[in-house]
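*Asks:* Model the structure of this input:
(one chain, ligands or ions: 1)
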Amino acid sequence: MITFLSGGTGTPKLLRGMQELLDEREIAVIVNTAEDMWLSGNHLSPDIDTVMYLFADILDTSRWWGIRDDTYITHDLLARLGIEEFIAVGDRDRAVHVARGEMLRRGMRLTEATAALCANFDVFSTVLPMTDSEVTTYVTTRRGDMHFQEYWVKHRGDVEIEGVVRRHKKPPVATGEAIRAIDASDAVVIGPSNPVTSISPILECAGIREALKRKPVVAVSPFIGDAPVSGPAAALMRAFGKESSSAGTYSIYRDLVDIFIQDIRDTATIDGALRLDTLMTNRGKSLDLAKNILTLIYGC
Ligand code: GDP
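*Replies:* Numbering: from 1, shown residues only. Presented below is the predicted three-dimensional model:
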């Protein structure tokens with residue numbers, strides 16, 4: 001088994017290749033939940049949903065979120081009724097958020113709610129929230145702290161940010177399921193997800209770093225030169241006090257990783273790093289990168 005640490009875009013692109021090469025039951029994914037939020041009484045867990053929809057083969061891979069060919073009847077009617085949601089949630093996607101909100105209100109752990117939803121979608125891989133308690137990424141701006149979703153989705157990242165903070169009532173602890181998945185794995189892959197908003201929240205859960213130190217760990221950089229392949233990682237890395245590059249990414253992972261992979265086009269020099277084509281512009285490129293990583297792990 002291999003365990004992946006994932007956000008909602010870069011690592012899912014890699015998982016799209018992995019699912020063609022591995023038995024789905026041999027894949028576990030520990031997913032970032034620090035972008036979760038309640039909206040109109042329903043529970044959004046964007047990264048969990050992306051990973052779950054990928055395995056269920058219903059993901060909208062033109063955006064890497066939401067359900068393919070979804071409709072927006074409820075979103076549009078809510079707007080007419082004066083409920084302006086800043087995220088355009090599709091109708092079927094919303095049904096998942098309604099169900100998860102209800103499960104959580106009835107006292108289920110997020111891990112249990114995720115398992116129930118995955119079972120309904122015939123997902124055979126193990127999709128695991130990093131923690132069962134609430135932790136949220138906020139960016140610090142001149143106007144005060146802002147939920148990451150508000151910064152990125154509502155303001156499209158067009159706000160100057162000075163810092164990144166994680167808010168929680170109690171410090172997040174990795175779930176037993178997440179630690180057991182790592183312990184049962186041949187290796188762990190930190191996919192090319194945002195180091196600040198997707199991977200660091202997972203690494204900050206008590207127990208994760210210690211578990212990773214017991215296993216071979218491969219990490220893939222989401223940067224080429226000083227820019228990420230997509231998304232707001234450059235500004236976030238600077239606000240996090242890190243260089244916006246593969247070198248900055250490596251500085252966050254260095255005590256954990258055995259193999260660090262940077263793109264063949266990358267300009268950063270990192271001693272000992274391996275070069276691969278990491279640009280997954282289509283299914284075939286995801287498959288090629290997945291094959292190369294499996295060769296590194298299993299040596300054949
Ligand atoms: P989010 O939850 O939607 O922010 O998604 P992730 O954190 O999982 O992924 C965002 C990161 O994926 C960005 O920093 C991108 O640079 C990176 N990314 C997206 N596509 C690719 C790709 O094809 N190759 C690599 N190396 N990184 C990618």
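*Asks:* which ones are touching the nearest residue to residue 10 once chain neighbours are set aside?
*Replies:* Closest residue in space to residue 10, ignoring its immediate chain neighbours: residue 192 at 3.8 Å, by CB to CB, 6 or more residues apart in numbering. For glycine as for every other residue, the C-beta is placed from the backbone atoms N, C-alpha and C. Contact analysis of residue 192 by CB atoms under 8 Å, 6 or more residues apart in numbering lists 10, 11, 13, 14, 220, 221, 222, 229, 278.
*Asks:* From those residues, pick the one nearest residue 171.
*Replies:* Checking these against residue 171 with CB to CB, the nearest one is residue 11 at 24.2 Å.
*Asks:* Within the helices and strands, which one has the closest one?
*Replies:* Using DSSP states H and E, residue 11 sits within helix 10-21.
*Asks:* How about residue 187: which residues does it bridge to?
*Replies:* residue 2 (DSSP bridges).
*Asks:* Go ahead and confirm it touches residue 214.
*Replies:* No. Residue 187 lies out of contact with residue 214 (CB atoms under 8 Å); the separation is 11.1 Å.
*Asks:* quick one on the thing from earlier: could you report the distance from the residue nearest to residue 10 to residue 223?
*Replies:* 8 Å (CB to CB, to the nearest Å).
*Asks:* Give the residues shared as contacts by these two.
*Replies:* With CB under 8 Å, 6+ apart as the test, residue 192 and residue 223 both reach residue 229.
*Asks:* ok, now which ones touch the residue most central in space within the chain?
*Replies:* In the chain, the residue lying closest to the centroid (CA atoms, centre = their mean) is residue 7, at 0.7 Å. Residue 7 sits next to 31, 32, 47, 191, 193, 194, 197, 198, 199 when contact means CB under 8 Å, 6+ apart.
*Asks:* From the ligand, how far out is the last one?
*Replies:* Which is residue 199. Using CB to the nearest ligand atom, to the nearest Å, residue 199 is found at 7 Å from the ligand.
*Asks:* And for that residue, the neighbour number?
*Replies:* 25 (other CB atoms under 10 Å).
*Asks:* So it, which state does it fall into?
*Replies:* helix (DSSP: H, G, I helix; E, B strand; the rest coil).
*Asks:* Let me know whether it touches residue 252 as I believe.
*Replies:* Yes. Counting by CB under 8 Å, residue 252 is a contact partner of residue 199 at 7.4 Å.
*Asks:* in stretch 122-131, what's buried?
*Replies:* 123, 125, 126, 127, 128, 129, 130, 131 (16 or more other CB atoms under 10 Å).
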